[in-house]
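>>> prediction below, plus the sequence it came from.
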Amino acid sequence: MSAHTYKKLEIVGSSATSIEDAINNAVAKAAESVRSIRWVEVLETRCHVEDQKVAYFQVTVKIGFTLD
């Protein structure tokens with residue numbers, strides 16, 4: 001295995017459907033400008049409430065990727 005150098009980027013994804021979709025939305029958005037994504041760490045999960053109901057999920061993630 002060769003040596004790699006990694007960087008982490010912290011972002012928040014959201015979804016009206018599920019926590020999993022919020023994570024996938026965060027990764028998809030990051031992938032638009034970040035190459036070589038290797039892992040995702042879920043740091044925090046919360047829900048936005050409107051009219052006493054969960055309106056959408058918010059998930060804070062750190063996305064790890066290799067540097068060129």
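Looks like it came in fine. Numbering: from 1, shown residues only.
>>> can I assume H48 is in contact with V59?
No: the criterion here is CB atoms under 8 Å, and H48 misses it with V59 at 11.6 Å. From N, CA and C alone the C-beta is placed, and that goes for glycine too.
>>> list the residues that contact both of these two?
S14 (CB atoms under 8 Å, 6 or more residues apart in numbering).
>>> neighbour count: those two, which is higher?
V59 (25 against 11; other CB atoms under 10 Å).
>>> wasn't that one part of a strand?
Yes: under DSSP: H, G, I helix; E, B strand; the rest coil, V59 sits within a strand.
>>> which residues does the closest residue to it other than its chain neighbours contact?
Nearest residue to V59, sequence neighbours excluded (CB to CB, 6 or more residues apart in numbering): A22, at 4.2 Å. By CB under 8 Å, 6+ apart, the contact set of A22 is 13-15, 56-59.
>>> how about 7 Å then?
13-15, 57-59 (CB atoms under 7 Å, 6 or more residues apart in numbering).
>>> scan these and report the most crowded one.
Ranking the contacts of A22 using other CB under 10 Å puts V59 first, with 25 neighbours.
>>> pLDDT wise, what is the residue nearest to V59 at?
Note on A22: pLDDT of 98.
>>> and for M1?
At M1, pLDDT is 54.
>>> sec struct for A26, please.
Classified using three-state DSSP, A26 is helix.
>>> what about the helices in the chain?
Here the chain has its helices, by DSSP state H, at 19-31.
>>> what count of nearby residues applies to A26?
A26, neighbours per other CB under 10 Å, totals 25.
>>> show me the contacts for it.
Counted by CB under 7 Å, 6+ apart, A26 has contacts 11-13, 59, 61.
>>> with G64 instead?
Counting by CB under 7 Å, 6+ apart, G64 has contacts 6, 8, 38-39.
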